[in-house]
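need coordinates for the below:
(2 chains)
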There are 2 protein chains.
Amino acid sequence: MTSAPGSIGISLLGAGNIGAGVIAALAAGASRYAARVGRPLELRRVLVRDSARVRRGVRPEQVTTNIEDVLADDATKIVVELLGGEEPARTYIEQSLRAGRHVVTANKEVMAKFGATLLQIASDHGVRLLYEASVGGGIPVIAPLSRDLLANEISAVTAIINGTTNYMLTAMAQQGADYDDVLAEAQELGYAEPDPTADVEGIDASFKLAVLCGLAFNVNVAPTEVAREGITGITAQDIAYADELGYVIKLLARASLVDDEVEATVRPTLVALSEPLAKVDGVLNAVQVEGDLVGRVLFEGPGAGPGPTASSVLADVLDVAQDVATGRRPLAFIPRRTVRVRPPEEHESKYYLRLTVQDRPGVLARIATVLGNTSISIASFIQYEVADAPEGTAELVFTTHRASEGSLTEAIREIEQMDVVLEIGNVLPMAG
Amino acid sequence: MTSAPGSIGISLLGAGNIGAGVIAALAAGASRYAARVGRPLELRRVLVRDSARVRRGVRPEQVTTNIEDVLADDATKIVVELLGGEEPARTYIEQSLRAGRHVVTANKEVMAKFGATLLQIASDHGVRLLYEASVGGGIPVIAPLSRDLLANEISAVTAIINGTTNYMLTAMAQQGADYDDVLAEAQELGYAEPDPTADVEGIDASFKLAVLCGLAFNVNVAPTEVAREGITGITAQDIAYADELGYVIKLLARASLVDDEVEATVRPTLVALSEPLAKVDGVLNAVQVEGDLVGRVLFEGPGAGPGPTASSVLADVLDVAQDVATGRRPLAFIPRRTVRVRPPEEHESKYYLRLTVQDRPGVLARIATVLGNTSISIASFIQYEVADAPEGTAELVFTTHRASEGSLTEAIREIEQMDVVLEIGNVLPMAG
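The predicted structure follows:
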């Protein structure tokens, strides 16, 4: 393929929904983008799995199933990776960087697991690796953290970064519906996958939080080091009780740097209605950042979808294309520190605790004694009669003052063994 | 003054609260910033009005009252303008750019009135002019619009960009208090100036909106072309009626590009409670941007104060220092187009209309007839008895479907002249 003179070549790995969005936007915005960059952008090769399928805006000779065709194309300055998943995406990114190509990726899994290594390889080869679309879809998050808040020491990141679960929890709250009904509805609307595990178990959010930790605190946090709990155990009852307490339940991704140790969790969390994040509903995502100079800033918007993702991918493409046009040498990667990641039992929070007990005198006193003995101070207590529960049982909802999760776990182990306690319903942290 | 080898020199124009914040942060973050940039930053000259005052972190020989001392310092690569107001700030910025210095400014007035000219001068001299702190305090707004959303065609910007008035309107809503009481309270707390005109009349917001128009649509909009109305006419009554209708009143800055014409207004506006901007309370600022790819994104945070402003100023300083360190040539400025700015009578909106009338039969019919004759369709109507109003009077609140402001003004001129109409209380646009 011959290359247009002066143009900056871009090749795509993957041409699904997002790839199609990127290809369409590259064509539609061609003259604007050329003006912004100072040189035209040119679509070069498109790597696909099935080369027989016809793709709008792509000539047959551009399509390939072989990464070597992309790497061999000298006119390609920027490789855009949209394959998703770990392999072959990780290998292709590394090969592209080593071949001196800038890489733009939307791949949260690869960036969460191999981000530091790949960023170092990029730096060593004098190219850039950009990944705005890997977290928060169309919301600018990565660039604000790496540029606009750079003067700050970041102490905490608190986020709703999974649209599927936020849609489900919002629907449960607004309709009083149960988990299973809402999951079925989300699947029908295409907001949840046929196998929803990665979303509802918080795996997707843990990838994104690991990426944010690297950027916000410049430390290495593996996704497996993120304390993780999904939303499958959340009941309509929990949501109703939270509402009475002035809270909503969100799958909150939280990370903080305290005494040079990291806490990182993805967990269903009671969020006070006064918190901005409590008002982020439906498939929206939001990321709140706390810095020493700025205080708190919040970024909110669509966390998924071809348009928003293409917006972020193309922002990165234009940024690196401007570098190519203006002769900027990339900044050296600053290696990330490895600090201790605190295990969940050392985390501190206020907690919400729901139990089912036999409704007889003295039960509250016995539970309160156990909590007191483990230094957990009760902030509020309500006893509920549950309509469809067996005769003679009651539901107790406690909220605690700030306590260590270790002490709470210890207390709950003891409470669980009491003959009057029928079930530990849920134990959830509270924020705000 | 000798310069540290390899360092990038920064001089400050102005050393008030924000300047002090920048100086303190430059010292506190020195090693982190040096690592990020690849070269240390060095504070060079500090231009002040009163050179006798001692300033923390500044040596006496760094202080000057003469801009020539800054321009003559070859080691100064970046000039940070924090004087505020039109002159001498504008002149000093221009002199600095012409002398080949990058400039970082927090000056909304200069950027609103002379931004396009100064950006062209910067471009002609191969330097950059950055102004993140001019809009939205610590919230990243300018950089996201110029970089992160660059792939989008922006169709609308809707913002709360004046903390003083948002504090006041929030206090009025929460306390049911009147304008004068809330203003006195805001002045006491330091949220409002002794002369609050620039804030309460929407002048400050109109500067910021003009800056946003230039950036979002790449068109020239002078601050005087922004249709502007302050909050001085908003009563506790309006706020209560709005609440009943499911709205809050915000001083909303709105700009849109429709059929290649710009609409830009700063006006007290009824914002539906379902809108994210309705939940932005107190001194917080927020900017919502609509782009063709991304949809809607919202940026929220502290809109003023030394810490947040220093955060934005230093983000710009670090960005341009990275350019100095990596040899990036600045991008050429793309001249802004001049398009027609629509006069208010051509704007269209839903409207809220409050009138005081004589309470007698037939009044509603007469008013409805006038509205109908001018093609304004009534969406809702409520008649109130006002406790402390004279006997025999009533207050009418109408909301309309979408109508042109020209037709509405015409109708109101006619309604005003009816013998039964005692007063036109307020006419406010509605959003959402």
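
please make it C-alpha for all contacts and neighbour counts, starting now.
OK.

flag every residue of the stretch 251-400 of chain A that's near chain B.
By CA under 8 Å from any CA of the partner chain, the residues of the stretch 251-400 of chain A that approach chain B are A:292-302, A:307-312, A:314-316, A:318-319, A:322-323, A:326-332, A:334.

among the residues you listed, the buried ones, what's the PyMOL command?
Only the buried entries of these go into this PyMOL selection, using 16 or more other CA atoms under 10 Å in any protein chain shown:
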select buried, chain A and resi 292+293+294+295+296+297+298+299+300+301+302+307+308+309+310+311+312+314+315+316+318+319+322+323+326+328+329+330+331+332
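
in a strand, A:S256, correct?
Yes - under DSSP: H, G, I helix; E, B strand; the rest coil, A:S256 sits within a strand.

quick check, pLDDT for it.
Looking at A:S256, its pLDDT stands at 98.

can you tell me how far it is from A:S404?
Computed as CA to CA, to the nearest Å, the A:S256 to A:S404 distance reads 16 Å.

also A:G138?
Counting by CA to CA - A:G138 and A:S404 are separated by 36 Å.

which of these two has more neighbours?
A:G138 (32 against 19; other CA atoms under 10 Å in any protein chain shown).

now the helices: where do they sit in the stretch 1-150 of chain A?
A:17-28, A:30-37, A:67-71, A:89-98, A:108-124, A:142-143 (DSSP state H, counting those that start in this stretch).

check whether the second one comes near chain B.
In this case it means helix A:30-37. Yes - Helix A:30-37 lies within reach of chain B by CA under 8 Å from any CA, at A:33, A:35-37.

one more: the longest one?
No - looking at helix A:108-124 against chain B by CA under 8 Å from any CA, there are no contacts, and the closest approach is 13.0 Å.

what is that helix packed up against?
helix A:89-98, strand A:129-130, helix A:203-217 (3 or more CA pairs under 8 Å, 6 or more residues apart in numbering or on different chains; DSSP states H and E).

what separates the last one from the chain centre, distance-wise?
Between the mean C-alpha location of helix A:203-217 and the chain-wide mean there is a distance of 6 Å, by CA atoms, centre = their mean, to the nearest Å.

that helix vs helix A:108-124, what angle?
30 degrees (axes from the mean of the first three to the mean of the last three CA atoms, to 10 degrees).

what's the helix or strand that helix A:203-217 is followed by in contact with?
Note on helix A:203-217: by DSSP states H and E, the next helix or strand toward the C-terminus is strand A:227-228. The contact list for strand A:227-228 (CA atoms under 8 Å, 6 or more residues apart in numbering or on different chains) reads A:201-203, A:206, A:264-267, A:343-344.

redo that, cut-off 6 Å
A:265-267 (CA atoms under 6 Å, 6 or more residues apart in numbering or on different chains).

ok so, going back, I'd like the residues of helix A:30-37 next to chain B as CSV, with neighbour count, distance to B:I239 and pLDDT appended.
Putting these into CSV (neighbours: other CA atoms under 10 Å in any protein chain shown; distance: CA to CA, whole Å; pLDDT from 0 to 100) gives the following:
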residue, neighbour count, distance to B:I239, pLDDT
A:Y33, 23, 45, 96
A:A35, 13, 46, 94
A:R36, 21, 44, 94
A:V37, 22, 47, 95
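
mind listing what the closest residue to A:F299 other than its chain neighbours touches?
In this structure, A:F299 finds its nearest non-sequential neighbour in B:F299, 4.8 Å apart by CA to CA, 6 or more residues apart in numbering or on different chains. Contact analysis of B:F299 by CA under 6 Å, 6+ apart lists A:298-299, B:286-287.

can I get the biggest helix by length in chain A as PDB, trimmed to CA atoms?
The longest helix of chain A (DSSP state H) is helix A:306-326. Coordinates of each C-alpha in helix A:306-326 appear next as PDB, following Å, rounded to 0.1, in the frame of the first residue of the first chain:
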ATOM      1  CA  PRO A 306     -18.900   2.600  20.800                       C
ATOM      2  CA  GLY A 307     -19.300   6.400  20.600                       C
ATOM      3  CA  PRO A 308     -17.900   7.300  24.000                       C
ATOM      4  CA  THR A 309     -15.100   4.700  23.700                       C
ATOM      5  CA  ALA A 310     -14.200   6.000  20.200                       C
ATOM      6  CA  SER A 311     -14.100   9.500  21.700                       C
ATOM      7  CA  SER A 312     -11.400   8.500  24.200                       C
ATOM      8  CA  VAL A 313      -9.500   6.300  21.700                       C
ATOM      9  CA  LEU A 314      -9.400   9.200  19.200                       C
ATOM     10  CA  ALA A 315      -8.400  11.700  21.900                       C
ATOM     11  CA  ASP A 316      -5.300   9.500  22.500                       C
ATOM     12  CA  VAL A 317      -4.700   9.100  18.800                       C
ATOM     13  CA  LEU A 318      -4.800  12.900  18.200                       C
ATOM     14  CA  ASP A 319      -2.600  13.500  21.200                       C
ATOM     15  CA  VAL A 320       0.100  11.200  20.000                       C
ATOM     16  CA  ALA A 321      -0.300  12.300  16.400                       C
ATOM     17  CA  GLN A 322       0.400  15.900  17.600                       C
ATOM     18  CA  ASP A 323       3.500  14.600  19.200                       C
ATOM     19  CA  VAL A 324       4.600  12.900  15.900                       C
ATOM     20  CA  ALA A 325       3.800  16.200  14.100                       C
ATOM     21  CA  THR A 326       5.600  18.500  16.600                       C
END
